[in-house]
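A.B. asks: what follows is a predicted protein model with its sequence.
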Amino acid sequence: MRWALVKVCLAVTAMVVVAFAVPLGLVIREMAGDRAFSGAERQAASIGPTLSITIEREPLERAMAITEPGSKGWMALHIPEVREAGHAVRPAQEIGTSRSTAEDVAATRRIGRAYTAAVPGGSVLLQPTALASGNIAVVEVFVPESDVSNGVATAWLVLAGVGLALIVGSVAVADRLGVRMVQPAQRLAGAAQDLGEGKLGARVPEEGPTELKSAAVAFNSMADQVVQLLENERELAADLSHRLRTPLTVLRLNAASLGDGPAADQTRAAVEQLEREVDTIIRTAREHRPQTLPATGAGASAGCDASEVIRERMAFWSALAEDEGREVRLAGVDRPVRIPVARPDLTAALDALLGNIFRHTPEGTPFSLDVHSGDDAVILLVSDAGPGITDPEAALARGNKGDRAGSTGLGLDIVRRVAESTGGDVRIGRSVLGGTEIRMWLALNGGRSARSPKRGHRVVRRASRLRRGTPQPR
């Protein structure tokens, strides 16, 4: 593309230079000839006064000698014979060096005006001049070829130099323009190839001509969307896999109560194998940097009744709690509580919170779920009497597994993202039961509640309520 642009510019500039330089060169040559013959006419006219007074040879020779052509031998006078009463009084005479023919002289007398004829070495100007006797004398001035072309070669060289400079300059400008256009296009093509090869970090500098700059902006936007879509796919795979851990928890607990025997052992082994496979899926999905943007979409904006979802999930988990001898307390769900969270997202968050209690606290550990609703926010409090969490700040980070085997580090991150999708947050502290208290703050007005702390202060430690027990991460 670059060289094509240079070639086009070279061809166009050359055509323009030829179109202007050739006619201009011809005009310069014509002007040089006109200048030479105009000078010859002036020199011929300077002899006219002398011819009108006398036709004697000696005075005419002196008059010719003082002119430039006469001093160089480039002037001649053709004086016709003078007759009186039908007899020749003075014969025709020719003064100076003549280069013209008799036919040219006769033609000049006949037409009565200046006449130019070509002769070897140049041209002659024949100028008719009237004598006192009424006859016509002809003044001949030789104009050499060097005078006719004087300065033409120099002018043509100047024109050629100017034309060459224009061509070189246009090629240089075209090359720079080509580079300015080609380099952004090459970068765009290279980035597109890199992106096609899986290099998701490929981006294009947004510079160059307007069209290519717009293309670069569109490409970068497309690449960002591709990266976001891929990250969302990985995150979705991890989250969906994490949701499978809830029914797996039930299977594991039920398998533990099967007693001894080959069938029971096979069932427990199958559950363990399934849990390992789910963990493998989650770890594979987390190999790349995850997306932690708030959940958005039509489902989120539709919302759900939190009381209904909580009662449904607590009915499920209460059956398991009864099997393990856990005391369960539920409060604040006796009336509808609308929240701007999709039902599947709230279900996933509740399963993550309650599933952590069953997985990471001993059997018989009591827990509770309280719902507090206000005009601008709804707070879900999940408390237990377990050993607690060692590092609450790290527990909220996606992918943090703490020091526990079998943990994926996604549970509390799912809860956090659901809360942040409403403009709320999650806080971790000590519960009145002696274990962990997780507060899920859901804003109702699309922003942060006036009572909600800043995002940087999600974790709250209640030192006054710390109780015995070794903290354990979740």
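C.D. replies: The structure has been received and is ready for your questions.

A.B. asks: pretty sure Leu381 sits in a strand.
C.D. replies: Yes: following the definition DSSP: H, G, I helix; E, B strand; the rest coil, Leu381 is counted among the residues of a strand.

A.B. asks: ignoring the adjacent residues along the chain, who's closest to it?
C.D. replies: Taking CB to CB, 6 or more residues apart in numbering as the measure, Leu381 lies nearest to Asp370, with 4.3 Å between them; neighbours along the chain are not counted. From N, CA and C alone the C-beta is placed, and that goes for glycine too.

A.B. asks: let me know the secondary structure of Glu207.
C.D. replies: coil.

A.B. asks: do you know the pLDDT at it?
C.D. replies: Taken from the predicted model, the pLDDT recorded for Glu207 is 81.

A.B. asks: what's near enough to touch the nearest residue to Glu68 once chain neighbours are set aside?
C.D. replies: Sequence neighbours aside, Gln43 is the residue nearest to Glu68 in space, at 6.4 Å (criterion: CB to CB, 6+ apart). Remark: with contacts taken as CB atoms under 8 Å, 6 or more residues apart in numbering, Gln43 is in contact with Thr67, Glu68, Pro69, Gly70, Met75, Val141.

A.B. asks: Produce a ChimeraX select command limited to the buried residues of the residues you listed.
C.D. replies: Buried members of these, identified by 16 or more other CB atoms under 10 Å, are gathered into one ChimeraX selection as follows:
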select :67,69,70,75,141
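
A.B. asks: ok, so of the contacts of Gln43, who is nearest Ser431?
C.D. replies: Proximity of the contacts of Gln43 to Ser431 (CB to CB) peaks at Glu68, which lies at 123.9 Å.

A.B. asks: could you check how far that closest one is from Ala118?
C.D. replies: From Glu68 over to Ala118 the distance is 21 Å, taken as CB to CB, to the nearest Å.

A.B. asks: count of neighbours near the closest residue to Thr54 other than its chain neighbours?
C.D. replies: By the measure of CB to CB, 6+ apart, the closest residue to Thr54 outside its immediate chain neighbours is Leu60, 7.2 Å from it. Leu60 has 22 neighbouring residues, counting by other CB atoms under 10 Å.

A.B. asks: low-confidence ranges, the protein, go.
C.D. replies: Residue ranges of the chain with pLDDT under 70: 1-6, 83-89, 234-246, 257, 273, 275-302, 397-411, 446-474.

A.B. asks: can you classify the closest residue in space to Gly332 that isn't next to it in sequence by secondary structure?
C.D. replies: The shortest distance from Gly332 to any residue that is not its chain neighbour, by CB to CB, 6+ apart, is 3.3 Å, and that residue is Val371. Assigned with three-state DSSP, Val371 falls in the strand class.

A.B. asks: beta partners of Val371?
C.D. replies: For Val371, the beta-bridge partners are Leu380 (DSSP bridges).

A.B. asks: surely it touches Ile379?
C.D. replies: Yes: with the criterion set as CB atoms under 8 Å, Val371 and Ile379 qualify as a contacting pair; they are 7.4 Å apart.

A.B. asks: please name the spatially closest residue to Ala130 (chain neighbours excluded).
C.D. replies: If you skip the residues right next to it in sequence, Ala130 has Ile136 as its closest partner in space, 6.2 Å away by CB to CB, 6+ apart.

A.B. asks: the residue nearest to Thr54 is in contact with Leu51, isn't it?
C.D. replies: Yes: shown here, Leu60 and Leu51 form a contact pair, counting by CB under 8 Å, at 7.2 Å.

A.B. asks: so what sits against both of these two?
C.D. replies: With CB under 8 Å, 6+ apart, Leu60 and Leu51 have common neighbours Leu77.

A.B. asks: rewinding a little: how many neighbouring residues does the residue nearest to Ala130 have?
C.D. replies: Residues contacting Ile136 under the criterion other CB under 10 Å number 17.

A.B. asks: contact partners for the spatially closest residue to Met440 that is not a sequence neighbour?
C.D. replies: Counting by CB to CB, 6+ apart, Met440 lies nearest to Leu380, which is 4.1 Å off, once chain neighbours are set aside. The neighbours of Leu380, taking CB under 8 Å, 6+ apart as the test, are Ala306, Ile310, Leu369, Asp370, Val371, Arg439, Met440, Leu442.

A.B. asks: against His372, how distant is Leu380?
C.D. replies: When distance is defined by CB to CB, Leu380 is 8 Å away from His372.

A.B. asks: and Leu442, by the same measure?
C.D. replies: For Leu442, the distance to His372 - CB to CB - is 11 Å.

A.B. asks: how much space between the residue nearest to Gly332 and Arg417?
C.D. replies: Separation of Val371 from Arg417 (CB to CB) stands at 20 Å.

A.B. asks: then Leu159?
C.D. replies: Using CB to CB, one obtains 76 Å as the distance from Leu159 to Arg417.

A.B. asks: between the two, which one's more packed in?
C.D. replies: Just comparing Leu159 and Arg417: by other CB under 10 Å the higher neighbour count belongs to Arg417, 22 against 17.

A.B. asks: you'd agree Ala117 is in a strand?
C.D. replies: Yes: for Ala117, which was evaluated using three-state DSSP, the result is membership in a strand.

A.B. asks: excluding its backbone neighbours, what's nearest it?
C.D. replies: With CB to CB, 6+ apart as the criterion, Ala117 has its nearest non-adjacent residue at 4.5 Å, and that residue is Asp104.

A.B. asks: what about that neighbour, which SS state?
C.D. replies: Secondary structure, three-state DSSP: Asp104 is helix.

A.B. asks: do I have it right that it meets Ala118?
C.D. replies: No: taking CB under 8 Å as the contact criterion, Asp104 and Ala118 are not neighbours in contact, 9.7 Å apart.

A.B. asks: comparing these two, which shows the higher neighbour count?
C.D. replies: Set side by side, Asp104 and Ala118 give different neighbour counts by other CB under 10 Å, the larger being at Asp104 (20 against 10).

A.B. asks: how close does that one sit to Ala315?
C.D. replies: If you measure Asp104 against Ala315 using CB to CB, the figure is 132 Å.

A.B. asks: all strands for the stretch 301-450 of the chain, in order.
C.D. replies: Using DSSP state E, counting those that start in this stretch, the strands of the stretch 301-450 of the chain run over 304-305, 328-331, 338-339, 367-373, 377-384, 425-430, 436-443.

A.B. asks: minimum distance to Ile55: which of those has it?
C.D. replies: Proximity of those to Ile55 was assessed by CB to CB; the nearest stretch is strand 436-443, lying at 125.4 Å.

A.B. asks: can you name every helix or strand that the closest one contacts?
C.D. replies: With contacts defined as 3 or more CB pairs under 8 Å, 6 or more residues apart in numbering; DSSP states H and E, strand 436-443 has these neighbours: helix 343-360, strand 377-384, helix 411-420, strand 425-430.

A.B. asks: so what touches it?
C.D. replies: Under the contact criterion CB under 8 Å, 6+ apart, strand 436-443 has outside partners 306, 339-341, 349, 353, 376-384, 386, 388-389, 412, 415, 418-419, 422-431, 449, 452, 460, 462, 474.

A.B. asks: make it 6 Å
C.D. replies: The set of residues that contact strand 436-443 without belonging to it, under CB atoms under 6 Å, 6 or more residues apart in numbering, is 339, 377-384, 388-389, 415, 419, 422-429, 431, 449, 452.
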